[in-house]
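In: Need a 3D model of the following:
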Amino acid sequence: MLDLSVINAMFPPDLPEPDDWERRFRPRDLPDGAEVTRFAPSPTGHLHIGGLYTAAVARALAHQSGGTYVLRVEDTDRARRVAGAAEEFSRLLGAFGLAPDEGGVAGDGEWGPYLQSERRDVYLGHVRELLRKDRAYPCFCDKERLARSAGEQRAGRSPLGYYGRWAPCRTLAPEEAARRLAAGEPYVVRLRCPYEFPGRIRFADRIRGSVTLQDNGNDIVLLKSSQEELPLPTYHFAHVVDDHLMRVTLVVRGEEWLSSTPVHLQLHTALGFAPPAYAHLAPLMKAEGPSRRKLSKRKDPEASVEYYLSAGYPPAAVQHYLRGLANIRLMDVPTAEALAAPVRLDGMRPSGPLLDLPKLHSLSREFIASLTPGELYAQLLDWAEEYDPSAGYPPAAVQHYLRGLANIRLMDVPTAEALAAPVRLDGMRP
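Out: Take a look at the predicted model:
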């Protein structure tokens, strides 16, 4: 184990201790059974409809239990960060009625900041603590060394990773590690995995029940290269620290993270944290002939959340539809009833729901038909100002058209006459 003076010299001298962060980010004062959920997108591109689906489920579960729904932006991957993406997340969530109770770029809330790039000292303090407990170590292997190891592993059909004879820095003598640190050699910090030959791990998933997977046997990177001006943690480490300190009780996320859960549970144990509950959502699917495939950002325009706004789908109908994908019992009830009903995890299927735009069209028509002419006019005007400003529809002409939709006899008379004529319920079509 490295000497404490060597470990402390790796970090800023005024870095707070983990206990300081525990006091600052105190447990939340919430009723028993209240869930704290989070939506935690990475600003590396446009918001996917699957992300909106995740946010809708997470928000519903928090609110119906009397809890809190948080927006956290996981922006530690600076190489792939897209300018303005984090602000776009907040705009789109708000447009669909899924604004968070706290968090986002503005950072409203006592458990912030909510951009991971602004929480660097939080992570560094916890990395230092793992080094002090010999649960982590500095690794000096360069890209060439790691590439050679990966080639050997592929040739021998061994699992890829940093472990066993392919993990030379794990057994590096403390004196040698201290010398290399003093010499300014670049390094990353890795977890000292407790297993040389990992077995299988079983954990509970709130949708899938008992899940058994191969446990993690890899010394994963916790802190990226010291060559960076501001070294940041990896996603795996940062989100575990944040879920604990933001007092998240239920992690709702996509199925693609299921295989990473053993790593995340291992990190919770190393840090001395009680892990949250997990609910892994199946991916949204699309019919393609007789088969089904995952909805694709590259192939499918409807994969983008912006598509639904620009196409004019009412946000409330989209919310209704997403809830119906989660719990099929909500799909065929009126929108107001669907939005007021609880979303149940035990009503969700482990197979991916099919994104069915004709059904969304139907829900949208029914929702629009339920609006008063004034409500419909206001929503149409808001949409036109944002997505078709060149249309320039005169308000009186729009009112005329809406009256004509209600009573077809008014459609082909002059506008002044249509606005003065009574609207008759017995002239409306079922």
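
In: Please make it C-alpha for all contacts and neighbour counts, starting now.
Out: OK.

In: Below-threshold pLDDT in the protein: ranges please.
Out: Confidence mapping of the chain against pLDDT under 70 gives the ranges 389-395, 429-430.

In: Give me the neighbour count for the nearest residue to Gly51 once chain neighbours are set aside.
Out: Distances taken as CA to CA, 6 or more residues apart in numbering place Pro41 nearest to Gly51, at 7.6 Å, with adjacent residues excluded. Neighbour count for Pro41, taken as other CA atoms under 10 Å: 20.

In: My guess is Pro41 contacts Asp77. True?
Out: No: using CA atoms under 8 Å, Pro41 makes no contact with Asp77, being 11.8 Å away.

In: sorry, back to before: ok, now which ones touch the residue nearest to Gly51?
Out: When contacts are counted by CA atoms under 8 Å, 6 or more residues apart in numbering, Pro41 touches Gly51, Arg72, Val73, Glu74.

In: 10 Å instead?
Out: Shown in contact with Pro41 (CA atoms under 10 Å, 6 or more residues apart in numbering): 47-48, 51, 55, 71-75, 85-86, 89, 253.

In: Among these, which lie within helices?
Out: Using DSSP state H, the members of the contacts of Pro41 that fall in helices are Gly51, Ala55, Ala85, Ala86, Phe89.

In: farthest pair in those residues?
Out: For these, the maximum inter-member distance is 16.2 Å, found between Ala55 and Ala85 (CA to CA).

In: Between these two, tell me which one has more neighbours.
Out: Each of Ala55 and Ala85 has its neighbours counted (other CA under 10 Å); Ala55 has more, 27 against 18.

In: Nearest spatial neighbour of that one, chain-adjacent residues omitted?
Out: For Ala55, ignoring the flanking residues on the chain, the nearest one in space by CA to CA, 6+ apart is Phe39 at 5.5 Å.

In: Count the residues that sit near that neighbour.
Out: Taking other CA under 10 Å as the neighbour definition, Phe39 ends up with a count of 25.

In: Angles on the backbone of it, please.
Out: Backbone geometry at Phe39, expressed as degrees, to the nearest 10, gives phi -110, psi 120.

In: residues touching it, list them.
Out: With CA under 10 Å, 6+ apart as the criterion, the residues that contact Phe39 are 51-52, 54-59, 69-74, 100, 103-104, 251-253.

In: correct me, but Arg120 touches Thr76?
Out: Yes: judged on CA atoms under 10 Å, Arg120 makes contact with Thr76 at a distance of 9.4 Å.

In: Quick check: neighbours shared by these two?
Out: Counting by CA under 10 Å, 6+ apart, the common neighbours of Arg120 and Thr76 are Pro231, Leu232, Pro233, Ala238.

In: Sort out for me which of those are in helices.
Out: Residues of the shared contacts of Arg120 and Thr76 located in helices (DSSP H): Ala238.

In: Weed out the non-buried ones from the shared contacts of Arg120 and Thr76.
Out: Buried members of these, counted by 16 or more other CA atoms under 10 Å: Pro231, Leu232, Pro233, Ala238.

In: possible to save these as a markdown table with distance to Glu110?
Out: Shown next, in a markdown table, are these (distance: CA to CA, whole Å):
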| residue | distance to Glu110 |
| --- | --- |
| Pro231 | 25 |
| Leu232 | 22 |
| Pro233 | 22 |
| Ala238 | 18 |
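
In: which one of the residues you listed is nearest Arg202?
Out: Taking CA to CA as the measure, Ala238 is the one of these closest to Arg202, at 23.3 Å.

In: so what's that closest one up against?
Out: If you count contacts by CA under 10 Å, 6+ apart, Ala238 has them with 74, 76, 116-117, 119-120, 122-124, 126, 222-223, 232.

In: Which members of these are the farthest-apart pair?
Out: Comparing all pairs in the contacts of Ala238 by CA to CA, the longest separation belongs to Glu74 and His126, at 17.5 Å.

In: Out of those two, name the residue with the larger neighbour count.
Out: Taking other CA under 10 Å, Glu74 and His126 do not tie; Glu74 has more neighbours (23 against 20).

In: Surely the more buried one touches Tyr235?
Out: Yes: with contact defined as CA under 10 Å, Glu74 counts as touching Tyr235 (7.4 Å).
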